[in-house]
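# How does the following fold in three dimensions:
(2 chains)
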Amino acid sequence: MKRIPLYGMAHARSGDKGDGSNVGILAYDRRGYELLCAELTSERVKRHFGGIVRGAVERFELPNLLGLNFLLHDSLGGAGSASLKTDAQGKTHAMALLRMTIEVPDDYDPPRSGPRGAVAPGGELDAEGSGGSR
Amino acid sequence: MADRMVRIANGQGFWGDSVDAPVRLLDEGPLDYLTLDYLAEVTMSILQKQRRRDPESGYATDFVELIRLVLPRLRQRGVRVVANAGGVNPAACGRALLEVAREHGAHGLAIGMVTGDDILDCLDDLIASGVPLAHLDDGRPLAAVRERVLSANVYLPSVAIAEALRRGAGIVVSGRTTDPGLVLSPMMAEFGWGETDWDLLAAGTVAGHIVECGAQCTGGNFSRWWEIEGWDRLGYPVLECRADGTFVVTKHAGTGGLVSVDTVSEQLVYELGDPARYVTPDCTVDFRTIRLDPDGSDRVRVSGVRGGPATNTYKVSIAYLEGYKAVGTLTISGPDAVAKAKVCADALWGRLRHAGVEFDQTITELVGWNACHGDLDGANGRAREVVLRVGVKDASQAKVDRFGKELAPLVTSGPPGVTGFAGGRPKATEVLGYWPALVPKDRIRPEVHVEVVP
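I've put the predicted structure just below:
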C-alpha cells in the first residue's frame, strides 16, 4: 500500500447549502471510484476537515458520474451573508478535500498529475505532498 | 420536427457576473435563447430595501442597460431573452424595458412579465390560516422572526415563463424563479412539454443546472485549472436542445475554456444535496440517471435523465434582519508574521473585553495562513506575511461599531510591521438571515402579463 493525495485520482467542486456546504468529488476511473467509496467514509471526511465542519457529514453516491457527494453540515459559520468567514460559501472546501491523502494499492497509478506537476518548477502552491516546503 | 434543435445559452450566472458575456454570446455564434440569472438568495432583500425607498426600483437595472445595448441585435437575429431580472418588482422592470423598446422603435416586440412570487404582504394571512412557514432545517415557526422579515419570495414554476413565451414574448422578466427554470421554460415552450412530462422536465432541469452558473461548466472553477486556455475570452455555455430531452453542452467556436465530461460533471455536483431527489417546483430529478458522453471537441452529450412528480409545495425564500456585523483587516509583515498576528488578535479581543464589550459571534482569521483551510496544513511552512482579518456579529449596532474603533490603534500599540489600515474604521452593516420554508401550491397564483410595443 502507498499513500497518495486525492487530487491525482479525482476532481471536485464545492458550494453552499444553507448553513453548510457540499463537496462533490469525482474519480477519473472506475477503480478510483471504488477506492473513494472504500476510503472516503463520512467519518474520515469529517476528521479531515477538523474544526471547519461543526456538524455531521452525510455521504451520497453517484456511480454514473463516478462521484460521491458530501454534505458538510454547519461548516460556514452561518448561512449566506450571515457568515463572518472569508470563505462564507465553502467555495474552497473542494480544494481542501482534494488535499487529503488516502492509502491505495501499490499497483494503482493515479490517472492524472496533481497541481504540482503542472505549475512552474519549484511550484509554490502547496506545502504538503512530495517533500513540499522549500 | 423531432430533430429540431434549439440553442439556449446562459450569459449571466449571478448579478455581478461578466457584463460582456451576454453581448459576446450574441456576437460569437448562433443562438435562439439567451438566459440570464440575476438573483441570489440575499439579492431579493437588497432589492426589497431599494423598492421601499423608490417604488419604481427593486429590479436588476444592469439587465435594462444590457437590453438597451443589444436590442437591435436581438431583433435582427431573432434571439429571445429570459431573465429573472424582475427582482421584487418585475412590473417596473417590464415598464423600463417597454421604454427602452420604444426608444429603439421596436414595434411589435412583446415583453412578458411573470409575477406572483412576492408573498411579503400575505405572510400574516398564511400564518393565520395554518401555514407556519417553518424553517426547513430546524422547524422553527416563522413567528420567531416575523417582525424582522424583509422579503419573502416563492420559487415560481417554469410553466409561468413558458406561458409568456408561448404568448409570443421576445423578452420575459420574472421575479423569483429557479435558476434551472430559466432554461427549462424555453424548452417547455418550444417542444410543447406538458406539466407532467416528468422525464422531460427533469432533463430540462439538468440542462439548466449545468449552465446556471455561467462559465462554471466551460472551464471556470475547474479543478485542473492549468489545463484551461483562454481565460481572458472564456466561452459561456450554449445548449443544443432536442424535443426528446437529450442535449449537448458546448460553447461557441473560437472562445476560451473547455467543455469536457469532467467540466460538466463537476458542475453537476455543484450545490447538490441528495442526488436521488433534486426538488424543483416543476419536478423531482434523479441525478444518478444522468449519462454524459463526449461528443467531439468542446461538446458533451447528456441523456438518460429520469424524473418524478413535483411536490405539492413551493419553496419560499425569506430574508430577515438578523443583526449587524463588521469585518476589518490589518496586514502584518514578517519576520514572525503569524506570531505577531496572533499577538494583535489577542490584544484586540482583550481590549474589547476590558471595555466590557462582548459579541454574539467573533472571527479571527490569518489570511495567508489558515483562513480557508483551517488547520489542514498543521504548523508546517512559513508565511512571509499575513492579513489579520477580524470580525464580529451582534444584535447591537452600537457594539459592532465599538469593535470597529479597536483596529487602527494596533498599528501603533502592537508589534512592529503592522500596516495596511486604510479606508477608515469598519462600519456595522446589516446581517440578513435566510429562512427557507414551504407553502402549499394552491395558495400561490403565478401571473403572466404580456405587453406588445405599439
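# From now on I want contacts and neighbour counts done on CA atoms only, so please keep to that.
Noted.
# Using just helix, strand and coil, how would you label residue B:127?
Recorded secondary structure, residue B:127: helix (DSSP: H, G, I helix; E, B strand; the rest coil).
# Equivalent analysis for the one 4 residues further on, please.
The three-state assignment at residue B:131 reads coil, by three-state DSSP.
# Quick check: nearest residue in space to it, chain neighbours excluded?
Closest residue in space to residue B:131, ignoring its immediate chain neighbours: residue B:439 at 6.9 Å, by CA to CA, 6 or more residues apart in numbering or on different chains.
# Quick check: mean pLDDT of the helix or strand hosting the one you found?
Residue B:439 belongs to strand B:429-440 when assigned by DSSP states H and E. Mean per-residue pLDDT for strand B:429-440: 93.
# Partner strands of that strand and their direction?
strand B:313-333 (antiparallel) (DSSP bridges).
# How far off centre is the strand it pairs with?
For strand B:313-333, the distance from its own C-alpha centre to the chain's C-alpha centre is 15 Å (CA atoms, centre = their mean, to the nearest Å).
# Would you mind listing the buried residues in the helix or strand just after that strand?
Counting by DSSP H and E, the next helix or strand C-terminal to strand B:313-333 is helix B:337-354. Neighbour counts over helix B:337-354 (16 or more other CA atoms under 10 Å in any protein chain shown) mark B:337-338, B:340-341, B:344-345, B:347-349, B:352 as buried.
# Same check on stretch B:436-443?
Applying a neighbour-count criterion of 16+ other CA under 10 Å, one finds B:436-439, B:441 buried in stretch B:436-443.
# again, but for stretch A:64-74
Neighbour-count burial for stretch A:64-74 [16+ other CA under 10 Å]: A:65-74.
# pLDDT on that stretch, on average?
Taken as a whole, stretch A:64-74 has a mean pLDDT of 98.
# would you put the C-alpha positions of it in PDB?
Extracted C-alpha coordinates of stretch A:64-74, given in PDB (Å, rounded to 0.1, in the frame of the first residue of the first chain):
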ATOM      1  CA  ASN A  64     -23.000   7.200 -13.000                       C
ATOM      2  CA  LEU A  65     -20.600  10.100 -12.600                       C
ATOM      3  CA  LEU A  66     -18.000   8.000 -10.500                       C
ATOM      4  CA  GLY A  67     -18.800  10.500  -7.800                       C
ATOM      5  CA  LEU A  68     -19.500  10.900  -4.100                       C
ATOM      6  CA  ASN A  69     -21.400  13.900  -2.800                       C
ATOM      7  CA  PHE A  70     -20.700  15.100   0.800                       C
ATOM      8  CA  LEU A  71     -22.900  17.500   2.800                       C
ATOM      9  CA  LEU A  72     -20.800  19.200   5.400                       C
ATOM     10  CA  HIS A  73     -23.300  20.500   7.900                       C
ATOM     11  CA  ASP A  74     -22.600  23.700   9.900                       C
END
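# Let me have the buried residues of helix B:337-354 in CSV, extended by pLDDT and distance to residue B:226.
Shown next, in CSV, are the buried residues of helix B:337-354 (pLDDT from 0 to 100; distance: CA to CA, whole Å):
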residue, pLDDT, distance to residue B:226
B:337, 96, 30
B:338, 95, 30
B:340, 97, 35
B:341, 97, 33
B:344, 98, 37
B:345, 98, 36
B:347, 98, 42
B:348, 98, 41
B:349, 98, 41
B:352, 98, 45
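# Out of the residues you listed, flag the one nearest to residue B:247.
The nearest member of the buried residues of helix B:337-354 to residue B:247, counting by CA to CA, is residue B:338 at 51.3 Å.
# Against which helices or strands is the lowest-mean-pLDDT helix or strand in chain B packed?
Within chain B, no helix or strand scores below helix B:43-53, which has a mean of 86 by mean pLDDT, DSSP states H and E. Applying 3 or more CA pairs under 8 Å, 6 or more residues apart in numbering or on different chains; DSSP states H and E, one finds that helix B:43-53 makes contact with strand B:149-154.
# The strand it packs on to helix B:43-53, inter-axis angle?
Strand B:149-154 and helix B:43-53 are oriented at 120 degrees to each other (axes from the mean of the first three to the mean of the last three CA atoms, to 10 degrees).
# tell me how far the helix or strand following strand B:149-154 is from the chain's mean position?
Counting by DSSP H and E, the next helix or strand C-terminal to strand B:149-154 is helix B:158-166. Centroid displacement of helix B:158-166 relative to its chain, using CA atoms, centre = their mean, is 21 Å.
# Could you list the residues in contact with helix B:158-166?
Residues outside helix B:158-166 that contact it (CA atoms under 8 Å, 6 or more residues apart in numbering or on different chains): B:112-114, B:172, B:174, B:177-178, B:181-182, B:184-186, B:188-189, B:195, B:281-282, B:446-450.
# residues contacting the closest residue to residue B:367 other than its chain neighbours?
Leaving aside its sequence neighbours, residue B:367 sits nearest to residue B:387 (CA to CA, 6+ apart; 4.9 Å). Listed by CA under 8 Å, 6+ apart, the contact partners of residue B:387 are B:329-332, B:341, B:366-368.
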